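**Student:** let's see this in three dimensions:
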Amino acid sequence: MARIVYATVLITLLAGFLVGCQDPYGPSSRRLEGSPRESIPFAPPGASETDLAEKVAVSRQTYQQDLEYLVGYYTRTGNNMKLEWARRELSALKTMPKYRYILGPTPGEYKAATPIPAADDLFFSADAMEKSAGLVIGLRDESKLRLALQKYEQLIKDYPSSDKIDDAAYRAGVILEELNDFMVALDYFKSAFTWDPDTIHPARFKAAHVLDKQLHRYADALVLYQEALKIEARYDRHRQWKEFAEQRVRELQKLDEDQN
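**Tutor:** Okay, here's the model as predicted:
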């Protein structure tokens, strides 16, 4: 009798164990609902960092444009609840950090030297797009500024010997400074006067200003202010920059003396 009871209990326990193993929600396989196992997709074969970063930038633009279309649709149809949702999502998208994964000008050998009609056309297209963003710095349309920036960067990438690459680099720097991307803006300002040492733009002044006011690298800023006063100050159009730089040179020299 004892053997029968023991065998019955053993069979019951074994059956329970097997059922538990087959239960898709049993302890061995149960996961929190809504928390699937993380899976990181592989990049497409042959895709470079630049390819992936550019795809992200294009996707951002498409996402924003589609949300703007949705806002317009709900505005016309009077669906106030969904209109508020779309506006909130669009506002969050515009204010969230957007990183530029490819930093600074595209690597390579560049020299602003040759008139190239196709590069000129691209520059004027970028210029028109930038102007359509508005005239007041700080209040311009960010999406249009980014489209203009893409065109300036494309010009530099496709036509590295064009006499417009210093102009494109300078204008890219101005846009990036406005978008608070100071490190990359600095790279572009430096590129402008590297590619054309006699560029008509106040690129040295702008680079010094970013180093001074945004990055607080005062020693580097002082050197560039002084260089700008020797080279760029000869252009009468940069008179205001000249006066500002002269003042900052005096202040930074005094700061250096006080610290030493």
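
**Student:** from here on, just use CA atoms for contacts and neighbour counts.
**Tutor:** OK.

**Student:** tell me which stretches of the stretch 1-150 of the chain form helices.
**Tutor:** Using DSSP state H, counting those that start in this stretch, the helices assigned to the stretch 1-150 of the chain run over residues 2-22, 49-77, 80-95, 117-132, 142-158.

**Student:** winner for burial among those?
**Tutor:** Ranked by mean neighbour count under mean count of other Cα atoms under 10 Å, these are led by helix 142-158, which reaches a mean of 21.

**Student:** tell me what angle it forms with helix 49-77.
**Tutor:** 150 degrees (axes from the mean of the first three to the mean of the last three Cα atoms, to 10 degrees).

**Student:** distance check, residue 142 against residue 151.
**Tutor:** 14 Å (Cα to Cα, to the nearest Å).

**Student:** actually, residue 126.
**Tutor:** Taking Cα to Cα, one finds residue 126 at 5 Å from residue 151.

**Student:** who's in contact with residue 70?
**Tutor:** 83, 86 (Cα atoms under 8 Å, 6 or more residues apart in numbering).

**Student:** residue numbering should commence at 13 henceforth.
**Tutor:** Yes, from this point I'll number from 13; that puts the last item at residue 82.

**Student:** of the helices of the stretch 13-162 of the chain, which is nearest residue 121?
**Tutor:** With Cα to Cα as the criterion, residue 121 lies closest to helix 154-170 of those, at 10.5 Å.

**Student:** find the nearest non-adjacent residue to residue 245, please.
**Tutor:** Once flanking residues are discounted, residue 245 sits nearest to residue 254: 5.6 Å by Cα to Cα, 6 or more residues apart in numbering.

**Student:** helices or strands up against the helix or strand containing that neighbour?
**Tutor:** For residue 254, the enclosing helix or strand under DSSP states H and E is helix 251-271. Under the contact criterion of 3 or more Cα pairs under 8 Å, 6 or more residues apart in numbering; DSSP states H and E, helix 251-271 touches helix 230-243.

**Student:** and the helix it packs on, which residues are buried?
**Tutor:** Within helix 230-243, the residues that qualify as buried are 230, 233-234, 236-238, 240-241, counting by 16 or more other Cα atoms under 10 Å.

**Student:** angle of it against helix 251-271?
**Tutor:** Using the same axes, to 10 degrees: helix 230-243 against helix 251-271 is 140 degrees.

**Student:** so where's the stretch 163-272 of the chain shaky on pLDDT?
**Tutor:** Judged against pLDDT under 70, the stretch 163-272 of the chain has no low-scoring part.

**Student:** wait, residue 236 sits on residue 219?
**Tutor:** Yes: checked against Cα atoms under 8 Å, the pair residue 236 and residue 219 is within contact range at 7.4 Å.

**Student:** mind giving me the domain ranges of the chain?
**Tutor:** 61-114, 115-208, 214-267 (automatic domain parsing).

**Student:** now the second one: how far from the chain's centre is it?
**Tutor:** Taking the mean C-alpha point of domain 115-208 and that of its whole chain, the gap between them comes to 14 Å (Cα atoms, centre = their mean, to the nearest Å).

**Student:** cool, and the first one?
**Tutor:** When C-alpha coordinates are averaged (Cα atoms, centre = their mean), domain 61-114 and its chain have centres 15 Å apart.

**Student:** avg pLDDT for that domain?
**Tutor:** For domain 61-114, mean pLDDT is 83.

**Student:** buried ones in the helix holding residue 254?
**Tutor:** Buried positions in helix 251-271, judged by neighbour count with 16+ other Cα under 10 Å: 253-254, 257, 260-261, 264.

**Student:** turn the residues you listed into JSON lines, columns for distance to residue 54.
**Tutor:** Converted to JSON lines, the buried residues of helix 251-271 look like this (distance: Cα to Cα, whole Å):
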{"residue": "253", "distance to residue 54": "49"}
{"residue": "254", "distance to residue 54": "52"}
{"residue": "257", "distance to residue 54": "50"}
{"residue": "260", "distance to residue 54": "50"}
{"residue": "261", "distance to residue 54": "51"}
{"residue": "264", "distance to residue 54": "50"}
